[in-house]
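[1] Here is my input, please return the structure:
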Amino acid sequence: MNSILKNSKISILLLAICFSFTACDEDDDFMTSDDVMETPDPTDDVVESNTIADFVVANENYSSLLAALEATGLTSTFTGDDVYTVFAPDNDAFAAFLDENGFDALEDVPTDVLTQVLLNHVQMGEIMSSDLSTGYIESMSTAGPDGENLSMYINTENGVVINGVSTVETADVEVDNGVIHAVSNVIRLPNVVTFALADPTFDTLVAALTREDSYTFVSTLQASDSPAPFTVFAPTNSAFGDLLSELELEELGDLDADTLATVLSYHVLIDMNVTSDELEDGIIITSLQGEDFTINLGDTATITDANGRTSTIIATDVQATNGVIHAIDTVILPTL
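    Coordinates of the predicted model:
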């Protein structure tokens, strides 16, 4: 009897176990912890961008630059795939810019002016500091006459200085769409005097323009209205040295003030921004001084002055907001 009861209990236990397994097999909604698939993290495949705009947003020291980009609608320009080089002024640089120009706040700067100032810090393509050399490059600002792109003068003799007013303090910050160079000052929109002062090639010319208190060349050449724009054929330092030798003078001070003023005026054209592609062979041009000279185009571009002397144009199209400069290797002379 005990054996039968024992066997009956075993049979019932086996049936219960079998039923349990059968129920598990038939329950499609039941999953063990081992069967649950992990939900993928949606951020696993997201690559964080590090564009020029991202860099500015992420750095509090550039909050003024960010505000300027947003005010001018330029932020989107620096979020795309196009590659740029940006000379980036920090908050202190913007504060100094506002103070120097009589603005209480960034909002007081006219949007069109602020846009051109910002673009004057930008070049197309990636330019590393090692790629920079002393000379002129073109900015993205179109504040020149007739929408001409402005030039920037780069001096690498002692670090990197731009237009004589802004120094690169941190170079080669690489981002996804270009490179950033942190600069000490906002690079103001240049007039023709800006480049004469910044480029040591024209030191003697600046000395001549400012020699007499009665001279008004500098204030005139800083004008934004008529007689601007100007076209200036600017003699180099060596050109003035050769002139002194030609005239058998020891120094620039030996040339009387009226004669020097006449000579300087002969190098300036008013109410015209004559770029190199607008020069024509044999064209006769009337100067601010009143006399003519002739442009000759051959293997090299030259000028024949009122005395039949020749000067070679050795650099062209230094573009400012109020005119353009072409460097020449000989001082041209009117009838003296």
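
[2] Find the helix or strand that residue 312 is a member of.
    Per DSSP states H and E, residue 312 falls inside strand 310-320.

[3] Name the next helix or strand downstream of that strand, please.
    With elements assigned by DSSP H and E, the helix or strand that comes after strand 310-320 is strand 323-328.

[4] Strands of this protein, start to end?
    If DSSP state E is used as the criterion, the strands of the chain fall at 84-89, 122-124, 135-138, 151-155, 161-162, 166-175, 178-183, 230-235, 268-270, 284-286, 292-297, 301-304, 310-320, 323-328.

[5] Nearest to residue 190 among those strands would be which one?
    Comparison of the strands of the chain against residue 190 by CB to CB identifies strand 310-320 as nearest, at 4.9 Å. Heads up, the C-betas are built off the backbone N, CA and C, glycines and all.

[6] elements contacting the closest one?
    strand 135-138, strand 151-155, helix 192-198, strand 230-235, strand 301-304, strand 323-328 (3 or more CB pairs under 8 Å, 6 or more residues apart in numbering; DSSP states H and E).

[7] now the angle between strand 292-297 and the strand holding residue 312, please.
    Counting by axes from the mean of the first three to the mean of the last three CA atoms, to 10 degrees, strand 310-320 lies at 90 degrees to strand 292-297.

[8] can you tell me how far residue 166 sits from residue 112?
    Separation of residue 166 from residue 112 (CB to CB, to the nearest Å): 22 Å.

[9] okay, these two: which has more neighbours?
    More crowded of residue 166 and residue 112, by other CB atoms under 10 Å: residue 166, with 21 against 10.

[10] Give me the neighbour count for the closest residue to the more buried one other than its chain neighbours.
    Nearest non-adjacent residue to residue 166, counting by CB to CB, 6 or more residues apart in numbering: residue 185, 4.1 Å away. For residue 185, the neighbour count with other CB under 10 Å is 20.

[11] pLDDT below threshold where in the stretch 151-300 of the chain?
    Under the criterion pLDDT under 70, no range of the stretch 151-300 of the chain is flagged.

[12] ranges for the helices of the protein?
    Under the criterion DSSP state H, the chain contains helices at 2-26, 52-58, 63-72, 91-100, 111-119, 192-198, 203-209, 217-221, 237-246, 257-265.

[13] Adding distance to residue 323, write those out as CSV.
    Putting the helices of the chain into CSV (distance: least, CB to CB, whole Å) gives the following:
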stretch, distance to residue 323
helix 2-26, 90
helix 52-58, 31
helix 63-72, 25
helix 91-100, 22
helix 111-119, 16
helix 192-198, 5
helix 203-209, 14
helix 217-221, 8
helix 237-246, 20
helix 257-265, 15
